[in-house]
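Asker: I'll drop the sequence and a predicted model, then ask my questions.
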Amino acid sequence: MPLRLDVRPSATGGESDFELALDVPSDLGYVGPAVELIADRFKGGVLSPRRVRFNLRTALAEALANAIAYGNRHDPRRLVHVRVEAGRDAVHIHVTDAGAGFDPAVVPDPTLPGRLEREDGRGLFVLRSLVDHVAFSAAGNSICLTLRAG
């Protein structure tokens, strides 16, 4: 299934504001192509080339992989919805899966003694270090990653 990126002017208007929408099948093979489709829209934009190359790409790949693996449980009948709002001051990336959600407050801190060898909790830790703000929907099946301009 080819990925189709919808690009439209932002509903709030503005010269440089736009929104992107992309539905990604629940197959980890789509993560790389989806990330590249979205990252290519930020060349010379609100984010520096370094922040696009490293922060945006890595955070989006982690959020997509988590949504596919943990939210949709690799179910090929389910999609992950990605919506990106790009403004003059920030980029907001919303990744929503069709799963039941989770409570991010109970995810263990992987930097605590006794947890360093465990893998659970690392993805959320990485996301929080790559972006300026992380927020979850009340249901816990949607994450919003915010990268401020720069």
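Answerer: Cool, got the structure. Numbers count the residues shown, from 1 in each chain.
Asker: Do a quick rundown of the helices in the protein.
Answerer: Taking DSSP state H, the helices of the chain run over residues 31-39, 49-50, 57-66, 122-130.
Asker: can you list the residues that contact the second one?
Answerer: Identification of contacts with helix 49-50 by C-beta atoms under 8 Å, 6 or more residues apart in numbering yields residue 43. Placement of C-beta: from N, CA and C, glycine included.
Asker: Show the low-confidence segments of the protein, by residue range.
Answerer: The chain contains residues with pLDDT under 70 at 12-16, 116, 119-121.
Asker: which residue ranges form the strands in it?
Answerer: Along the chain, the stretches classed as strands by DSSP state E are 6-9, 18-25, 79-86, 90-96, 133-136, 142-148.
Asker: how about the ones you listed in a markdown table, adding mean neighbour count?
Answerer: Output for these, formatted as a markdown table (neighbours: other C-beta atoms under 10 Å):
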| stretch | mean neighbour count |
| --- | --- |
| strand 6-9 | 10 |
| strand 18-25 | 18 |
| strand 79-86 | 21 |
| strand 90-96 | 21 |
| strand 133-136 | 14 |
| strand 142-148 | 20 |
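Asker: Those: which one's closest to residue 48?
Answerer: The closest of these to residue 48 is strand 142-148. By C-beta to C-beta, the value is 10.0 Å.
Asker: Out of the helices of the chain, indicate the one that is most buried.
Answerer: Compared across the helices of the chain, helix 57-66 shows the largest average neighbour count, a mean of 21 (mean count of other C-beta atoms under 10 Å).
Asker: What would that one look like as PDB? C-alpha coordinates only.
Answerer: Output of helix 57-66 as PDB, limited to C-alpha atoms (Å, rounded to 0.1, in the frame of the first residue of the first chain):
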ATOM      1  CA  ARG A  57      13.000  12.000  12.400                       C
ATOM      2  CA  THR A  58      14.000  10.100  15.500                       C
ATOM      3  CA  ALA A  59      11.000  11.100  17.700                       C
ATOM      4  CA  LEU A  60       8.500  10.500  14.900                       C
ATOM      5  CA  ALA A  61      10.000   7.000  14.200                       C
ATOM      6  CA  GLU A  62       9.800   6.100  17.900                       C
ATOM      7  CA  ALA A  63       6.200   7.300  18.200                       C
ATOM      8  CA  LEU A  64       5.100   5.500  15.000                       C
ATOM      9  CA  ALA A  65       6.900   2.200  16.000                       C
ATOM     10  CA  ASN A  66       5.300   2.300  19.500                       C
END
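Asker: Nothing else from me, thank you.
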